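**Q** Build the 3D model from these lines:
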Amino acid sequence: MNNQRTSLLGAIVLAALAAPAARAIDVTSGNWTLSFDGNVNASYIYSNCATHADVVAGGLACVAPTSSDSSSSVSNGLLPAALSVSGATKQDGYDLGFTFGLYPGISTNDGGSPNLQSIASTDDGHTALGTAGLDIRQVFLTVGNSTWGTVMAGRNIGLFGADAILNDMTLLGVGAGNGSYAAPANTSLGSIGLGYIYTDWLSQIDYTTPAIGGTKVTLGIFDPLNTLGQVPANHSTPGFQGKIAYTMGPLYLSASGLLQRQRILCSDTSLSAGACGVGPVPATSYIGYTSDAFDLGGKYDLGPLEVLGWYYRGKGVGTTGLFVLSHDEMGTPRDSEGYLAQVTYKVLPATKLGFNFGNSKLDATGIDPGTLVTRNSKWTLGAYQNLTDNLLLTAEFTRISSLNDYGQENSSWNLDAGLFLKF
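**A** As a prediction, the model looks like this:
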């Protein structure tokens, strides 16, 4: 398949830790080739959480009930388990393909509907007769050739922020997280919200150019996202994302960005009558702002040593996830920025040690409460051992800190050890 980006989870996994090649399972029928690949993973996670903690709204350091400051879990890491089914063929000069990506978790889904988990039930722990949840992240097609490039249409990983998470060493481990991840998330945080904003899996149509001197450009139109917790208003304008990537030998550089117009119903703000127009505020009136963000970074391989860094800055995009805490109660967009820095070193051909540090900052507006998070940061020390070409052993220690605008801080740490089998 020509220029098919992130079509197989296996490609993501191999890029993440540069592990020895593991072939997908291929089946050929007529002019079509079907490929099956994916992973099964599980980690034991021990977490020590903050108790009697200060309120940090949007903080990512775990906070325990007053009766306990620790937790144990056997859960997925930053990646859930996965089964990816892809098909490829060549017809009339076009490379055609499709992918279905199915991502089940192993934590018990206690809340009935996968997307409406009960907070009370998850706080109380798992009970008998439970089942795991399934997250369908990828459903897309591709069409293109080496002359004019490739069009991808469907649901797939976003462009903004994708390279940061795909090169995060905790991708095959846990990073930040205290386990028991029910659907639809199924996963730990890794460095999400702790160095980069989650790229997410989004409905989109993209065009990617052929490689020209090691450079590829991708431009896409995206199904617009509401701000989290917002009552949806009319979205007449789509989202837009773009990315440029350059590869030359051991050097990889990329930059990406997003742009989307947001609408907020006046009834969902604390604006006084007349602020959205003359007279009382009609229920259907709205205010709006433009969300924009960019990230840039790269990595360089120096034999066994690899160094990388990514930086992002945005307005009205929030923190942790796209459009989470993106504006205040008056509809004013918040500024945010962050970075991830990482060093890994192969002490043996199959053994890698790594350290990364991430920091995400959210700027409060003049009317924000002082309890709002202003910074989430963490560092992770990890060891990754390829026992075979397909089986990876992982071990990590992570320390997380969350600070609010009052200067109050919560901190937690977690230790994990796990197995990751890719095929």
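
**Q** who are the neighbours in contact with Phe397?
**A** When contacts are counted by C-beta atoms under 8 Å, 6 or more residues apart in numbering, Phe397 touches Thr380, Leu381, Gly382, Trp413, Asn414, Leu415. For every residue, glycine as well, the C-beta is placed using N, CA and C.

**Q** The same query, at a cut-off of 7 Å, please.
**A** Contacts of Phe397 were listed using C-beta atoms under 7 Å, 6 or more residues apart in numbering, and they are Leu381, Leu415.

**Q** who's it bridged to?
**A** On DSSP bridges, the residues paired with Phe397 through beta bridges are Leu381, Leu415.

**Q** do Gly149 as well
**A** Counting by DSSP bridges, Gly149 is bridged to Asn145.

**Q** residues near it, how many?
**A** Using other C-beta atoms under 10 Å, Gly149 is surrounded by 18 other residues.

**Q** Repeat that for the one 3 residues further on.
**A** Burial measure for Met152: 24 neighbouring residues, criterion other C-beta under 10 Å.

**Q** Now it: which helix or strand?
**A** Secondary structure from DSSP states H and E places Met152 in strand 149-157.

**Q** what helices or strands is that strand leaning on?
**A** Under the contact definition 3 or more C-beta pairs under 7 Å, 6 or more residues apart in numbering; DSSP states H and E, strand 149-157 sits against strand 134-145, strand 201-208.

**Q** so who does the closest residue to Leu219 other than its chain neighbours touch?
**A** The shortest distance from Leu219 to any residue that is not its chain neighbour, by C-beta to C-beta, 6 or more residues apart in numbering, is 4.8 Å, and that residue is Gly242. By C-beta under 7 Å, 6+ apart, Gly242 lies in contact with Leu159, Thr218, Leu219, Gly220, Ser256, Gly257.

**Q** Drop anything exposed from the residues you listed.
**A** Members of the contacts of Gly242 that pass the buried threshold by neighbour count (16 or more other C-beta atoms under 10 Å) are listed as Leu159, Thr218, Gly220, Ser256, Gly257.

**Q** Could you export the residues you listed as TSV, including pLDDT, distance to Pro210 and secondary structure?
**A** Formatted as TSV, the buried ones among the contacts of Gly242 follow (pLDDT from 0 to 100; distance: C-beta to C-beta, whole Å; DSSP: H, G, I helix; E, B strand; the rest coil):
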residue	pLDDT	distance to Pro210	secondary structure
Leu159	98	18	coil
Thr218	98	12	strand
Gly220	98	17	strand
Ser256	98	19	strand
Gly257	98	21	strand
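
**Q** now, which of these sits nearest Ser402?
**A** Within the buried ones among the contacts of Gly242, distances to Ser402 taken as C-beta to C-beta reach their minimum at Ser256, with 26.4 Å.

**Q** so how many other residues sit close to the closest residue to the closest one other than its chain neighbours?
**A** Spatial nearest neighbour of Ser256, excluding adjacent residues (C-beta to C-beta, 6+ apart): Lys243 at 4.0 Å. Taking other C-beta under 10 Å as the neighbour definition, Lys243 ends up with a count of 24.

**Q** Bridge partners for Lys243, pull those for me.
**A** Applying DSSP bridges to Lys243 gives these bridge partners: Thr218, Ser256.

**Q** Show the contacting residues for it.
**A** Leu159, Thr218, Ser254, Ser256.

**Q** Ok, Arg375 next?
**A** Listed by C-beta under 7 Å, 6+ apart, the contact set of Arg375 reads Asn359, Lys361, Leu403.

**Q** Direction included, what does whichever strand or helix holds the first one pair against?
**A** Secondary structure assignment for Asn359, by DSSP H and E: strand 351-362. Using DSSP bridges, the strands paired with strand 351-362 in its sheet are strand 335-348 (antiparallel), strand 373-386 (antiparallel).

**Q** Any chance you could list what contacts that strand?
**A** Residues from elsewhere that reach strand 351-362, judged by C-beta under 7 Å, 6+ apart: 17, 169, 191, 193-195, 319, 325, 334, 336-347, 373-385.

**Q** which parts of the strand holding Met152 are buried?
**A** Judged by neighbour count using 16+ other C-beta under 10 Å, the buried positions of strand 149-157 are Gly149, Thr150, Met152, Ala153, Gly154, Arg155, Asn156, Ile157.

**Q** the helices in the protein, which residues?
**A** Residue ranges of the helices in the chain, as given by DSSP state H, are 9-17, 119-124, 162-166.

**Q** how about the nearest residue to Asp368, chain neighbours excluded?
**A** Nearest non-adjacent residue to Asp368 (C-beta to C-beta, 6+ apart): Asp328, at 5.4 Å.

**Q** next one: Thr215
**A** Leaving aside its chain neighbours, Thr215 sits nearest to Tyr246 (4.9 Å; criterion: C-beta to C-beta, 6+ apart).

**Q** do Glu306 as well
**A** Once its chain neighbours are removed from consideration, Glu306 has its nearest residue in Thr344; the separation is 4.9 Å (C-beta to C-beta, 6+ apart).

**Q** right, and the one you found touches Met169 too?
**A** Yes - counting by C-beta atoms under 7 Å, Thr344 touches Met169, with 5.7 Å between them.

**Q** between these two, who's got more neighbours?
**A** Under the neighbour definition other C-beta under 10 Å, Thr344 and Met169 were set side by side, and Met169 has more, 28 against 22.

**Q** beta partners of the residue lying closest to the more buried one once chain neighbours are set aside?
**A** Leaving out its chain neighbours, the residue that sits closest to Met169 by C-beta to C-beta, 6+ apart is Gly354, at 4.3 Å. With DSSP bridges applied, Gly354 shows beta-bridge pairing to Thr344, Gly382.
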